[in-house]
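Student: test case, fold it:
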Amino acid sequence: MRMLIAALALSSISAFAAQAADTPVDVELVLAVDVSWSMDRGEQEIQRAGYVAALRSPEVQKAILEGGYGRIAVAYVEWAGDSAQNVVVPWTMIDSKEAAEAFAYRLSVEEPDRERRTSISAAIDFVVPMFDDNGFEGMRRVIDISGDGPNNQGRPVLAARSAALERGITINGLPLMTSGEGDPMGRWGSIANLDRYYADCVIGGPGAFVIPVNEWSQFPEAVRRKLVLELADVWPTRESPEASPVLRIAASNASDCLVGEAMWQRRYDR
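Tutor: Below is the predicted model:
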């Protein structure tokens, strides 16, 4: 009798452990999107619509379903200053066209919330713990971060990047080099070589890459292309002369990774 009870107990424990185990997925992906005041409401809506369209696209859905497991875990976060991060859509498994459409719908019904300053480092620090105990076990963990300016608040971005890389997390970048588009005066906080800054100071990990966006009309295609590369785990290449260039991770930090902080300090000193 005791042996039978012990066997039943062991069976129950094994069943509970199996139920509690993390769900294996091809990639755990956080879409971390800049909603700082340097972009107006219309531009932020273009951003949101671009991600919605990408998740609904046959190319992205195919990349998801043709992975090893045929499923991914994804979350959508908006960020600005060092205390402004918001999980818009929490961790969700996408394993079918219907699941991708449902995630896109949830994203489409939320409105972006604009905030002050730009802290890429705080965004990374906020996202990294999200991979802990999220119910999924990905073959890869990726932060897909987009923004239109350098870090100007919080700890140095290199420190945040290093902490993420130590956890085995890859960071890819989508720098929005659109500041001043239609505005001859430009906007405070933008830099001309944001793509190089992202390549040198923000992205990292195996196969990390940057896809710059030079005008808002490029954004939907850039997001779609970037997600396909991330989900299919394909090393990025230049697809055509018209395609947005892909910058691989730099061998060394040629950019001034504190340029945003210096710009803010000069503004404050005035």
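
Student: I'd guessed R196 sits against C257; true?
Tutor: No. Judged on Cβ atoms under 8 Å, R196 makes no contact with C257 at a distance of 10.8 Å. All C-beta spots, glycine's among them, are computed from the backbone N, C-alpha and C.

Student: show me the strands in the stretch 1-150 of the chain, by range?
Tutor: 23-34, 72-79, 85-94, 136-147 (DSSP state E, counting those that start in this stretch).

Student: the first one pairs with which strands, parallel or anti?
Tutor: This points to strand 23-34. strand 72-79 (parallel), strand 136-147 (parallel) (DSSP bridges).

Student: list the buried residues of that strand.
Tutor: 25-34 (16 or more other Cβ atoms under 10 Å).

Student: over to the last one?
Tutor: In terms of neighbour count (16+ other Cβ under 10 Å), strand 136-147 has its buried residues at 136, 138, 140-147.

Student: so that strand versus strand 85-94, what angle?
Tutor: 140 degrees (axes from the mean of the first three to the mean of the last three Cα atoms, to 10 degrees).

Student: what about strand 136-147, average pLDDT?
Tutor: For strand 136-147, mean pLDDT is 95.

Student: now swap in the third one and tell me
Tutor: In this model, strand 85-94 has a mean pLDDT of 95.

Student: before we move on, back to that, how about JSON lines for the buried residues of strand 23-34, with pLDDT added?
Tutor: What follows is these, written out as JSON lines (pLDDT from 0 to 100):
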{"residue": "V25", "pLDDT": "97"}
{"residue": "D26", "pLDDT": "96"}
{"residue": "V27", "pLDDT": "96"}
{"residue": "E28", "pLDDT": "97"}
{"residue": "L29", "pLDDT": "97"}
{"residue": "V30", "pLDDT": "98"}
{"residue": "L31", "pLDDT": "97"}
{"residue": "A32", "pLDDT": "96"}
{"residue": "V33", "pLDDT": "94"}
{"residue": "D34", "pLDDT": "91"}
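
Student: this completes my enquiry, with thanks.
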